[in-house]
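# have a look at this prediction, sequence included:
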Amino acid sequence: MTLERVRRAAGVVPVAALAGLAAGALAWPRSAIVADRVWLVVLIATGGIVVAHTARGLWRGRWAADVVASLAIVTAALLDQPLAGLIVVLMQTGGEALERYAEGRASDAVRALEAESPRIAHVIRDDAIVDVPAEDVSPGERLLVRPGDLVPCDGVVVEGRSSLDTSRLTGEPIPMTVAAGSSVQSGSVNGDRPFTMEATATASASQYARIVELVRTAQASKAPFQRIADRSAVWFTPLTLLVAALAALLSHDMQRVLAVLVVATPCPLILAPPVAIIGGMNRAARRQIIVRDGGAMERLARVDVAVLDKTGTITIGRPAVQEVLTRAPFTRDQVLALAASVEQGAGHLLARSLVDAARAAGLPLRQPREVIESSGRGVTGTLDDTTIAVGARSFVAEQLSPAERAVVLDAPHPEGLTAFVGIDGRFAGTVRYADALRDGVAETLGRLRALGVERIILLSGDHEENAIAMAVRVGITDARGDLLPADKVSAVRELVAEGRTVLMVGDGTNDAPALSAASVGIALAGHGGGVSAEAAGVVVLTDDLGRVADVLGISRRTMRIARQSVWVGIVLSGIAMIVAAFGHIPPVGGALLQEAIDVGVILNALRASAQGRAEPSARMRAPEAHLPTPERAPTTTQPSLP
C-alpha cells in the first residue's frame, strides 16, 4: 500500500467515529436506546480497527501508546458504554491521522538515481557503431562516447581527448581532462569532443551503480524510529494498568476500571507531538525549508554531530579568481582584460569565472578573432595585432618563444588551480582560482555549536590539502579529503555506530548515499537539488547555509514544546486517573475530561508554529574581509620569474 493510501485510510476512521457520534446525538432526544445502539455499532466498526491494529503491533513486539486506548474501547463495548468508547476512538485515531500527515511523503532517492543512470552505450562492433542498453556492455568491448553523453560504464580511454564533468561523482565542478590511458567512471558527462574507451566493468559493477546501491543499502539499514508516544508508553501504560487493576480489586466496580482506562487514554501522547511537529514544519516552510516527515524533525532535535560537504555546501561550488600574478612589463588589469576577452566564447567553468572577475573590476572586454579552443587545455585568440593564450602550463608554453617557454616550464609549480597567460609570445602571468566560501559560514558554524552540536566534520571529494585549507579558514578542526561516496558513507556510519545523532549536509549526487546513511540529511537545493534532495530528510530551497542552523533551532524548540505538552498531559491524566479510581469520575465524564486535557495540550503544542526567540527572521552577517574577491584581488608581480 502506498503512503498516500495509508494516509487516506488513517483519515477514514476518525471521520466515521465523528459521524457516528453526531448520528447518535441526533437520535438521543427521541430515543436514548437508539442512540446507544448507533454508538455501539459505530464503536464496534471503528474500534475494531484500532484494536486489530494494536494486536498486530503487540504480536510484533511493539509496546505502543495505543494499548490503553484499545483496552478502554474493548471495556466500553463489554460494559455497554459506547459513548465513552467512541470518544476514545475519535481522539486516538484523530491523533494518528495527524501523525500520518506529519510523516509527509517518503523519499525515493533510489528511483531518482536510477532514472538518471546511463541508459545507452554506443558499442563498436565489426567497424560499426551499435546502440545497446548500457547493462549489456561487457568488459573488453570498445565504446564511442559522444559529446554530451553519459559514460555508460567504467573504462579506459584508448583514443581521443576530451574533458569530463565528474561533479555527480565527486562533487567537484572542475572538468577532468582525459586522453589515451585515462580512467573514466560511469555517470561522468562527456564534454565537447568524442573519444573511444574500453570497458573495464559492466554497468552494474561501475561507479554510478555503486552510488545507487549505497543509497539503497543506507536507507534499508537505517534504524527504525520510535515516536515520543511509544517511548512514553513503555512506563505510562503499565502504570495505568496497575491503577486500573487496583481499582478493580478494591472496589469490584468495572465502571471505575473503565473510567480509569478512559481518562488515562494517552491522547496527549498521540496528539501533542504531531501537532507541534506540524507547527514546526510550517514554521520551517516559511523559511523555505522543507522537513519531509516528523521523524526528521525529532532526529534533528537530537543532533550532536554535523558532517558537511565542502564544494557547494560551505563554498559556492564555483571557483572564482582569487589572485592575478603578473610578470613585468604586464599589469594586472592588462592581463585580466586580455585573458577574459579571449575566454568569452569558451565553454568551460573557469572561463566564466575569469570573465566575471574582469567585469567586476570594471575592465573593458573586446571581441577576439581567430579563437581556437583546445578542450581541457586552453584557448588562443587575437585582439587587433595582439595574440593571447590562456590555459594549462604546457599549452601556453607551446605558444611562446623558446626563451619564454623555458621561463614558463621552469617556474615553480603554482598552488591550487592556476591558468597561465601568454601575450604576443611572452609569458605574462598566472591567474589563481579558488572556490569562495559562502557568506556567513563561520557564523553558521558558531550557531550550530551554540545549539548543541559538539563536533563539526568536513568531508570532501576534493584533494585533502584543499579540504583542510578550507576547513582551517572556517574553524573546522576535523577535515578529510580525496573521499569517494562510499568513504563518506563509511565515515557517517562510524559516527552513528558510536551512538551519535548525525546531521549530514550536502548538495550533489555524490552526497546522496551519505545523506541517506545519516540520522538526518539536509540537502541544499537552491539550484534544484535533484537526487540529493530525494535522499535527504530536509531540503533547503534557497542557496543559504544559514538555514541549516535555522531548522536545527526550529526542531529544538518544536520538540521542547512537544515534550512539555506530553508531560503536562501525562500529569493531568495521572491526577484524573487517581480520582477516577476512587469513583469520583464516571466513564463518559472521564472521556469528556480527557478531551478537555487534549484541547489544552493541543493549544500549547500549537506554539511550535510561532517564531521563537532563537529564530531571528533576519540574521546579521559577519563580514569576511579576509576573503579576496575579483574586484579587489591584489595587483602583484611574480618575483621568481625573470
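Happy to help now that I have it.
# how near is the spatially closest residue to residue 436 that is not a sequence neighbour to residue 465?
What sits nearest to residue 436 in space, not counting adjacent residues and going by CB to CB, 6 or more residues apart in numbering, is residue 320, at 4.8 Å. In this view, the C-beta of every residue, glycine as well, is placed from N, C-alpha and C. Distance, residue 320 to residue 465, by CB to CB, to the nearest Å: 19 Å.
# what of residue 307?
20 Å.
# what's the answer for residue 350, then?
Using CB to CB, one obtains 20 Å as the distance from residue 350 to residue 465.
# okay, those two: which has more neighbours?
Neighbours around residue 350 and residue 465, counted as other CB atoms under 10 Å, are more numerous at residue 350. The numbers are 23 against 13.
# OK, contacts around that one?
Shown here is residue 350, whose contacts under the criterion CB atoms under 8 Å, 6 or more residues apart in numbering are 174, 319, 343, 417, 419, 433.
# tell me the pLDDT of the first one.
Yep, that's residue 174 we're talking about. Looking at residue 174, its pLDDT stands at 69.
# could you do the second one as well?
Model confidence at residue 319, given as pLDDT, is 80.
# apart from its chain neighbours, what residue comes closest to it?
Counting by CB to CB, 6+ apart, the nearest residue to residue 319 once its immediate chain neighbours are dropped is residue 433, at 4.0 Å.
# any idea which element the one you found lies in?
Following DSSP states H and E, the helix or strand that holds residue 433 is strand 426-437.
# ranges for the helices of the stretch 1-150 of the chain?
Listed in chain order, the helices of the stretch 1-150 of the chain (DSSP state H, counting those that start in this stretch) span 3-27, 32-42, 48-59, 66-78, 82-103, 109-115.
# got the angle for the fourth one vs helix 32-42?
Translated: helix 66-78. Counting by axes from the mean of the first three to the mean of the last three CA atoms, to 10 degrees, helix 66-78 lies at 140 degrees to helix 32-42.
# packing partners of helix 66-78?
Applying 3 or more CB pairs under 8 Å, 6 or more residues apart in numbering; DSSP states H and E, we find helix 66-78 packed against helix 48-59, helix 82-103, helix 228-251, helix 254-263.
# any chance of these in a markdown table, with mean pLDDT, mean neighbour count and distance to residue 578 too?
Formatted as a markdown table, the entries for those read as follows, by pLDDT from 0 to 100; neighbours: other CB atoms under 10 Å; distance: least, CB to CB, whole Å:
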| stretch | mean pLDDT | mean neighbour count | distance to residue 578 |
| --- | --- | --- | --- |
| helix 48-59 | 82 | 15 | 25 |
| helix 82-103 | 73 | 25 | 18 |
| helix 228-251 | 77 | 17 | 7 |
| helix 254-263 | 84 | 27 | 9 |
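# quick check: residue 73 vs residue 264, distance?
Between residue 73 and residue 264 the computed distance is 13 Å (CB to CB).
# please disregard the earlier target; I meant residue 200.
Distance from residue 200 to residue 264, by CB to CB: 66 Å.
# again, but for residue 374
Residue 374 is 78 Å from residue 264, where distance means CB to CB.
# those two: who's more crowded?
residue 264 (29 against 16).
# hang on, the earlier thing: of all the helices and strands packed on helix 66-78, which one is nearest residue 608?
Checking the helices and strands packed on helix 66-78 against residue 608 by CB to CB gives helix 82-103 as the closest, at 11.3 Å.
# which SS class is residue 487?
Reducing the assignment to helix, strand or coil with DSSP: H, G, I helix; E, B strand; the rest coil, the entry for residue 487 is helix.
# OK, contacts around it?
459, 480.
# now do 10 Å
Applying CB atoms under 10 Å, 6 or more residues apart in numbering, we find residue 487 in contact with 459, 461, 480, 481, 514.
# so the second one is in which element?
Following DSSP H and E, there is no helix or strand that holds residue 461.
# tell me who's in contact with it.
By CB under 10 Å, 6+ apart, the contact list for residue 461 reads 166-167, 169-172, 309-311, 467, 481-485, 487-488, 508, 510-511.
# cool, the fourth one as well?
Contacts here follow CB under 10 Å, 6+ apart; on that basis residue 481 touches 310, 458-471, 487.
# next one: the first one
With contact set as CB under 10 Å, 6+ apart, residue 459 has these partners: 171, 307-310, 313, 467, 478-481, 483, 487-489, 491-492, 504, 506, 511, 514.
# roughly how far apart are the nearest residue to residue 425 once chain neighbours are set aside and residue 84?
Counting by CB to CB, 6+ apart, the nearest residue to residue 425 once its immediate chain neighbours are dropped is residue 401, at 4.7 Å. The gap separating residue 401 from residue 84 is 99 Å, by CB to CB.
# and what of residue 129?
Look at residue 129 and residue 84: by CB to CB, they are 77 Å apart.
# swap in residue 325?
Relative to residue 84, residue 325 is positioned 83 Å away (CB to CB).
# then residue 383?
Here the criterion is CB to CB. By it, residue 383 lies 89 Å from residue 84.
# kindly report the same for residue 45.
Using CB to CB, we find residue 45 at a distance of 16 Å from residue 84.
# list only buried entries from the contacts of residue 481.
Burial by neighbour count, judged by 16 or more other CB atoms under 10 Å, picks out 310, 458, 459, 460, 461, 462, 466, 467, 468, 469, 470, 471 from the contacts of residue 481.
# so where's the stretch 51-200 of the chain uncertain?
Within the stretch 51-200 of the chain, the set of residues satisfying pLDDT under 70 comprises 61-65, 95-96, 98-115, 168-174.
# any idea which element residue 579 lies in?
When secondary structure is defined by DSSP H and E, residue 579 falls within helix 546-581.
# tilt between that helix and helix 66-78?
Using the same axes, to 10 degrees, the inter-axis angle of helix 546-581 relative to helix 66-78 is 40 degrees.
# state the mean pLDDT of helix 546-581.
Across helix 546-581, the average pLDDT comes to 88.
# ditto for stretch 300-307
For stretch 300-307, mean pLDDT is 94.
# swap in stretch 264-281?
Mean pLDDT, computed over stretch 264-281, is 76.
# so which strand or helix has the spatially closest residue to residue 390 that is not a sequence neighbour?
Counting by CB to CB, 6+ apart, residue 390 lies nearest to residue 339, which is 4.7 Å off, once chain neighbours are set aside. Per DSSP H and E: residue 339 is located in helix 332-343.
# now the helix or strand just after that helix against helix 332-343, angle please.
Following the chain from helix 332-343 toward its C-terminal end, the next helix or strand by DSSP H and E is helix 349-360. The directions of helix 349-360 and helix 332-343 differ by 130 degrees, with the same axes, to 10 degrees as the criterion.
# how distant is helix 349-360 from the center of its chain?
Distance of helix 349-360 from its chain centroid, counting by CA atoms, centre = their mean, to the nearest Å, is 31 Å.
# next one: stretch 142-154
Using CA atoms, centre = their mean, the distance from the centre of stretch 142-154 to the centre of the chain it belongs to is 30 Å.
# ok, stretch 345-352 next?
Between the centre of stretch 345-352 and the centre of its host chain there is 30 Å, according to CA atoms, centre = their mean.
# and stretch 449-462, by the same measure?
Going by CA atoms, centre = their mean, where stretch 449-462 is centred and where its chain is centred differ by 15 Å.
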